[in-house]
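In: Please work out how this folds:
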Amino acid sequence: MRTRLWIEFAAFFIGVPAVLIWHPTRLDGHLCLWLFSLYALWVLRHTSGFSWRNLWHGKGWSPRQRKQALLRFIIATAAVIIFTCGIAPHRLFSFPLQRPGFWLLVMILYPILSALPQELVFRSFFFRRYGEFFRTRTAMIVVNMLLFGFIHVMFHNWVSPLLSAIAGGLFAWSYTQHRSLKWAAIEHAAYGCMVFTIGIGFYFLVGAFRP
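Out: Model (predicted):
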């Protein structure tokens, strides 16, 4: 069983991303994510002690922890604005200003079609399925962070994997607090929508990168 888990782990979190790096398309990336999400749900459903309620609500986030999360988000937003001014100042808030209708559509669909399945796979499934591989919580967070950054190499630029690795470490650390898919998806959606709103979401689109 342990050998099978290692093979599964390597295939899903290293093999599939490696293939997508060499042949990336928007459909392939999303299709793999959604199929992986269905597999994750099926595996979790057949795991001993599983419950939908625990998957969604977890341990919960205390008011103090939520305030800390909000503060982190405010600091991160300021940092991304400064970062954008440094690498692509012409992109600052260009998305909502130039294409408000499409921006609003992304704000609505991104949390459901992207943030939620990503958190299901990289946090809920990853921590439950492969937790025994790691001796410490720190080791699990670091590996999760690196793998989350690695899968974004498919976008063929350095910004996406760098920001994703940083965000992945933050999301993984938060997940160890609440163990809630709901809070993980909300936090991920907030950061993702923030990045698209500020104007560097094009770094996270296949074939859309331009210096």
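In: what about the protein, any weak spots by pLDDT?
Out: 24-27, 206-211 (pLDDT under 70).
In: Show me where it has its helices.
Out: Applying DSSP state H to the chain gives helices spanning 2-10, 16-22, 26-45, 52-57, 63-87, 94-98, 100-110, 116-119, 126-130, 137-151, 159-178, 181-198.
In: now the ones you listed as CSV including mean neighbour count and distance to Leu205?
Out: To be clear about C-beta, it is placed using only N, CA and C from the backbone, and glycine gets the same treatment. Output for the helices of the chain, formatted as CSV (neighbours: other C-beta atoms under 10 Å; distance: least, C-beta to C-beta, whole Å):
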stretch, mean neighbour count, distance to Leu205
helix 2-10, 11, 27
helix 16-22, 15, 14
helix 26-45, 15, 7
helix 52-57, 14, 29
helix 63-87, 13, 16
helix 94-98, 15, 11
helix 100-110, 13, 11
helix 116-119, 22, 15
helix 126-130, 19, 24
helix 137-151, 18, 14
helix 159-178, 20, 9
helix 181-198, 21, 10
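In: now the ones you listed as JSON lines including distance to Phe204?
Out: Shown next, in JSON lines, are the helices of the chain (distance: least, C-beta to C-beta, whole Å):
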{"stretch": "helix 2-10", "distance to Phe204": "24"}
{"stretch": "helix 16-22", "distance to Phe204": "13"}
{"stretch": "helix 26-45", "distance to Phe204": "10"}
{"stretch": "helix 52-57", "distance to Phe204": "26"}
{"stretch": "helix 63-87", "distance to Phe204": "12"}
{"stretch": "helix 94-98", "distance to Phe204": "12"}
{"stretch": "helix 100-110", "distance to Phe204": "10"}
{"stretch": "helix 116-119", "distance to Phe204": "11"}
{"stretch": "helix 126-130", "distance to Phe204": "20"}
{"stretch": "helix 137-151", "distance to Phe204": "11"}
{"stretch": "helix 159-178", "distance to Phe204": "5"}
{"stretch": "helix 181-198", "distance to Phe204": "7"}
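In: Please identify the residue most distant from the middle of this structure.
Out: Distance from the C-alpha centroid of the chain peaks at Met1, with 27.5 Å (C-alpha atoms, centre = their mean).
In: what's around Ser124, how many residues?
Out: Neighbours of Ser124 under the rule other C-beta atoms under 10 Å: 24.
In: ok, it to Tyr130 distance?
Out: Look at Ser124 and Tyr130: by C-beta to C-beta, to the nearest Å, they are 12 Å apart.
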